[in-house]
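I would like the atomic coordinates for the input below:
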Amino acid sequence: MNKENISIIILAAGKGSRMKSPKAKVLHTISGKPMLYHIIKASQEISNDISVVVAHQKELVIEQMSALFEDVNFVVQDAENFPGTGGAMKNVAPKNKKVLVLNGDMPLITADALQGFLDTDADVIMSIFDLKDPSGYGRVIIKDEQVQYIVEQKDANEVELKTTTVNAGIYSFSKEVIEKYIPLLSNDNAQEEYYLTDVIAMAKADGLKIAPLLVDEEHFKGVNSKKDLSDSEEIMQERIKTRWMNAGVIMQLPSTIYIESTVAFEGECIVENGCRICGETLIKESHIKSGSVIEDSIVKNSDVGPLAHLRPASYIEDTHIGNFVEVKKSSLKGVKAGHLSYLGDSQIDEGTNIGAGTITCNYDGVKKYKTIIGKNVFVGSDTQLIAPVTIENDVMIAAGSTIPSGTITSGNLALSRTKLRTIKDYFYKHFGKK
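Residues are numbered from 1 along each chain as shown. Sure thing, here's the model as predicted:
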């Protein structure tokens, strides 16, 4: 595919009032990334000239997208003087001979779904749906495989109302059409806005070819409300999980599993029910047990859970992480941490066993400190390790110990307990005899 044949303009300027949110609509997330991210990512597969038109919360939209993508042009719409979809096109200067105009609230678009626009030869290509119930939509009147005109429902006559073909909102124009007709757009209408659809009327009046392109509703579904957002999330999740299951990942009750678009698997992995795997995570030849949460981490040849939590920047290799174990920004290689522990800002080497209730006390209220545990260390249950602390190889930590900052040298036993005291008959003195 020659990316130099097509320019893409993404209209992402709207506020999205039906979302009932202070956040710009295009920044609401689907499977871990803003809606706009998914559209730009699909666009980059077919074009080297992508422009995003912004207005509402433009600084935030540009900041977030610039952090994720290079070589994307941002164009600020003068929404006060040139409102509407046509107004959004006023300052865009596409480079390539075909121009595809997408909406920033269609996160389910894929490069394959856009292929029809590349394969169709026409001055203008207009996407259409065929709906069983077209109520509320403008009707697209087609004759001899050409779009004749678009009529809004309130303006349609009885014959036009029987039409089930509606505008899907995506267009392809030749560069010449854009350059000729966008400057001619008028806001002489009830809303006083500049409409991109008026280009179609002007092009038709000049005898240009306007081809309809039937598209499927799933890929071109717009998100206008929180319900739409939820529906799109389900579709995206189904795609993500189907892709990985087809690649060999075993998923138990996949409808209960959440996997973000940036997660990757290698080899044969098992993901049990109720798991949440997020961010830039890699799972390789591992078993993730039910109810576990993994964020921005790497897991290799290990088992995690059930009900474990790997927070960002965790590296787990050849390791057993059991239930109710939380790991944060730590490297564990060849380790057993069976249950009920917090391991933060730590480096733990092979052959080490972490007993139940072990806590790395890594934060003093101002700074974070590191815990380093060597090979073949046995950490007894209910141990607190006060970072910064180093436990060298071949060390035993007695259960119930608090290990202060410093170093425990190889071969030693570290023991920190108060002497047991018993006070005779204290129970009866406190509660009385029954």
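
now do the helices in the stretch 101-250 of the chain.
Using DSSP state H, counting those that start in this stretch, the helices of the stretch 101-250 of the chain run over 115-119, 158-161, 175-181, 197-205, 226-246.

how about residues contacting the last one?
Right, helix 226-246. Under the contact criterion C-beta atoms under 8 Å, 6 or more residues apart in numbering, helix 226-246 has outside partners 19-21, 28, 30-31, 35, 38, 107-108, 218, 221-223, 251, 254, 257-261, 263, 265. Where you see a C-beta, it was placed from the backbone N, CA and C, and this is true even at glycine.

re the thing from before, I'd like the helices of the stretch 101-250 of the chain as a markdown table, with mean neighbour count appended.
Compiled in a markdown table, those are given as follows (neighbours: other C-beta atoms under 10 Å):
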| stretch | mean neighbour count |
| --- | --- |
| helix 115-119 | 15 |
| helix 158-161 | 11 |
| helix 175-181 | 17 |
| helix 197-205 | 18 |
| helix 226-246 | 15 |
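
now these as a markdown table including mean pLDDT?
Converted to a markdown table, the helices of the stretch 101-250 of the chain look like this (pLDDT from 0 to 100):
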| stretch | mean pLDDT |
| --- | --- |
| helix 115-119 | 92 |
| helix 158-161 | 90 |
| helix 175-181 | 95 |
| helix 197-205 | 91 |
| helix 226-246 | 97 |
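
quick one, which of those gets closest to Gly136.
For the helices of the stretch 101-250 of the chain, proximity to Gly136 was assessed by C-beta to C-beta; helix 158-161 is nearest, at 11.6 Å.

nearest to Glu80, of the helices of the stretch 101-250 of the chain?
Minimum separation from Glu80 across those (C-beta to C-beta) falls at helix 197-205, 19.8 Å.

buried ones in stretch 158-175?
Glu160, Thr163, Thr165, Val166, Asn167, Ala168, Gly169, Ile170, Tyr171, Ser172, Phe173, Ser174 (16 or more other C-beta atoms under 10 Å).

now the helices of the stretch 101-250 of the chain as JSON lines including distance to Lys58?
Listed next are the helices of the stretch 101-250 of the chain as JSON lines, based on distance: least, C-beta to C-beta, whole Å:
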{"stretch": "helix 115-119", "distance to Lys58": "27"}
{"stretch": "helix 158-161", "distance to Lys58": "38"}
{"stretch": "helix 175-181", "distance to Lys58": "22"}
{"stretch": "helix 197-205", "distance to Lys58": "24"}
{"stretch": "helix 226-246", "distance to Lys58": "21"}
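
report the buried members of the contacts of helix 226-246.
19, 28, 30-31, 35, 38, 107-108, 221-223, 251, 254, 257-261, 263, 265.

those residues in strands, which ones?
Ile30, Met251, Tyr258, Ile259, Phe265 (DSSP state E).

which of the residues you listed sits closest to Gln191?
Nearest to Gln191 among these: Ile30, at 29.2 Å, using C-beta to C-beta.

check whether that closest one really touches Ile109, as I assumed.
No: judged on C-beta atoms under 8 Å, Ile30 makes no contact with Ile109 at a distance of 11.4 Å.

where do the contact lists of the two overlap?
Common neighbours of Ile30 and Ile109, counting by C-beta under 8 Å, 6+ apart, are His38.

how is this protein carved up into domains?
3-214, 226-414 (automatic domain parsing).

which regions of the chain lie under the pLDDT threshold?
1 (pLDDT under 70).

right, I'll call it a day here.
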